[in-house]
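Enquirer: the following comprises the amino acid sequence and a computationally predicted model.
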Amino acid sequence: MGQENKTQTWVSEFILLGLSSNWEMQVFLFVLVLTMYLVTLVGNVLILLLIRLDSRLHNPMYFFLSVLSFVDLCYSNSFVPQMLAHLLSARKSIPFYSCVLQLYISLTLGGSEFFLLGAMAYDRYVAVCHPLRYTVIMHGRLCLGLAAGCLGAGFTNSLMETIITFRLPLCHNVINHFACEMLAVLRLTCVDISFNKVMVAISGFLVIMLPCFLVVFSYARIVAAILHIRSAQGRCKAFETCASHLTVVSMCFGTAIFTYLRPTTGSSAEQEKMVALFYAVVTPMLNPLIYSPWNKEVMHALRSLLGKFSEKR
């Protein structure tokens, strides 16, 4: 049957197929996802707490890290609690407007994170290439403006994507996903979605590639500056300030480019589920684990906090 013969359906709720239909696998996934979710909560809350309590961490680098941890917490909470409930439920449903809200929040926070990673790359560029003017260039108002701009860009892009996605007529309400993800929702439509594909490509370029270009430019300048440092100790210190951020950037941008900026004929629902699971569960958990061991200041702040608790006992 052609698309023109499909019947448009008004839906009050969506049915999510989830990650697996096998009960034993669902129980295993519940335990795994719950463990990772708890690590995410503890890790990111601890990062926020350390940055708030330790005055040595009150600088632009840790300001952006605290914003990133906050975004990761919110992003994880937009997906994971519902996913955990559905893993132990026979009927995996979500109301229509809850689905709209979930898509909007996830797109907002996901887009904001890419822009934040770009801003953090610029911060590292200034720290390595202009160390004597670092505090002058990266002043408080600029940091607040960059953070607000990252969140504002995420909100704007998400609003546009959500509106054009849910204005389309739907043929059914069964989503082959564990959450209301944009590409999965677009598969429910009864009409040609060529316009939406173009908008996804434009959005992907703006939200993913523009910050990626800023990251590449910043690290090209950083590498050039590091190569001009004569002492091995100085080169090692400069590398340490960037290693954790570069790890997170490679992980996030690489996965996003693979998912959203490749030909749609090469994508599948199962691959999109794995990528969404990576962003919703794995990335928010890994970020504090990646940043902390590389960062002597964070580890020192953690030891100081643990020491204070030990003294009170």
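Expert: Happy to help now that I have it.
Enquirer: which residue ranges of the stretch 51-200 of the chain form helices?
Expert: Listed in chain order, the helices of the stretch 51-200 of the chain (DSSP state H, counting those that start in this stretch) span residues 60-87, 96-129, 134-137, 140-166, 182-186, 194-204.
Enquirer: just the buried positions in the shortest one, please.
Expert: Along helix 134-137, the positions that meet the burial threshold by neighbour count (16 or more other C-beta atoms under 10 Å) are Y134. Just so you know, the C-beta spots here come from the backbone N, C-alpha and C atoms, and that holds for glycine as well.
Enquirer: which residues touch it?
Expert: With C-beta atoms under 8 Å, 6 or more residues apart in numbering as the test, helix 134-137 has contacts from N59, P60, V126, A127, H130.
Enquirer: give the residue spans of the protein that score low on pLDDT.
Expert: Where the chain drops to pLDDT under 70, the residues are 1-10, 234, 237-238, 240-241, 259-267, 292-296, 305-306, 308-313.
Enquirer: out of the contacts of helix 134-137, which end up buried?
Expert: Buried members of the contacts of helix 134-137, scored by 16+ other C-beta under 10 Å, are N59, P60, V126, A127.
Enquirer: nearest to A201, of those?
Expert: The shortest approach to A201 among the buried ones among the contacts of helix 134-137 belongs to V126, at 31.9 Å (C-beta to C-beta).
Enquirer: surely the closest one and L142 touch.
Expert: No - counting by C-beta atoms under 8 Å, L142 is not a contact partner of V126; they are 9.9 Å apart.
Enquirer: follow-up on the earlier one: from the buried ones among the contacts of helix 134-137, which two are the most distant?
Expert: Across the buried ones among the contacts of helix 134-137 (C-beta to C-beta), the longest gap, 11.6 Å, separates N59 and V126.
Enquirer: find the centremost residue of this protein, please.
Expert: G110 (4.3 Å; C-alpha atoms, centre = their mean).
Enquirer: would you confirm that it contacts Y279?
Expert: Yes - using C-beta under 8 Å, G110 is in contact with Y279, at 6.5 Å.
Enquirer: mutual contacts of those two, please.
Expert: Y75.
Enquirer: how close does V45 get to M199?
Expert: Applying C-beta to C-beta, to the nearest Å, the value for V45 to M199 is 36 Å.
Enquirer: try F64
Expert: Relative to M199, F64 is positioned 29 Å away (C-beta to C-beta).
Enquirer: the two: who's more crowded?
Expert: Comparing F64 with M199 by neighbour count (other C-beta atoms under 10 Å), the higher total belongs to F64, at 24 against 15.
Enquirer: which residues does the more buried one contact?
Expert: Taking C-beta under 8 Å, 6+ apart, we find F64 in contact with L116, A119, M120, D123, C143, L146, A147.
Enquirer: quick one: it from V126, how far?
Expert: F64 is 12 Å from V126, where distance means C-beta to C-beta.
Enquirer: count the residues that sit near L17.
Expert: Residues lying near L17 (other C-beta under 10 Å) number 16.
Enquirer: now it: phi and psi?
Expert: Per-residue torsions, L17: phi -80, psi -20 (degrees, to the nearest 10).
Enquirer: ok, the one 10 residues further on next?
Expert: According to degrees, to the nearest 10, the main-chain angles of V27 amount to phi -60, psi -40.
Enquirer: if I pick it, what's in contact with it?
Expert: So V27 contacts L87, L88 (C-beta under 8 Å, 6+ apart).
Enquirer: who touches A179 in this structure?
Expert: L16, F79, Q82, M83, Q102, S106, A276, A280.
Enquirer: let's go with 6 Å and repeat that
Expert: Contacts for A179 (C-beta atoms under 6 Å, 6 or more residues apart in numbering) come out as F79.
Enquirer: and for S93?
Expert: Here S93 is in contact with E13, I15 (C-beta under 6 Å, 6+ apart).
Enquirer: relative to P211, how far out is it?
Expert: Distance, S93 to P211, by C-beta to C-beta: 35 Å.
Enquirer: how about A184?
Expert: Taking C-beta to C-beta as the measure, A184 falls 24 Å from P211.
Enquirer: F14 belongs to a strand?
Expert: Yes - assessed with DSSP: H, G, I helix; E, B strand; the rest coil, F14 lies in a strand.
Enquirer: bridge partners for it, pull those for me.
Expert: Here F14 shows beta-bridge partners I94, assigned using DSSP bridges.
Enquirer: wait, isn't it in contact with V174?
Expert: No - with contact defined as C-beta atoms under 6 Å, F14 and V174 do not form a contacting pair (7.5 Å).
Enquirer: which of those two has more neighbours?
Expert: For F14 versus V174, neighbours defined as other C-beta under 10 Å are more numerous around F14 (22 against 13).
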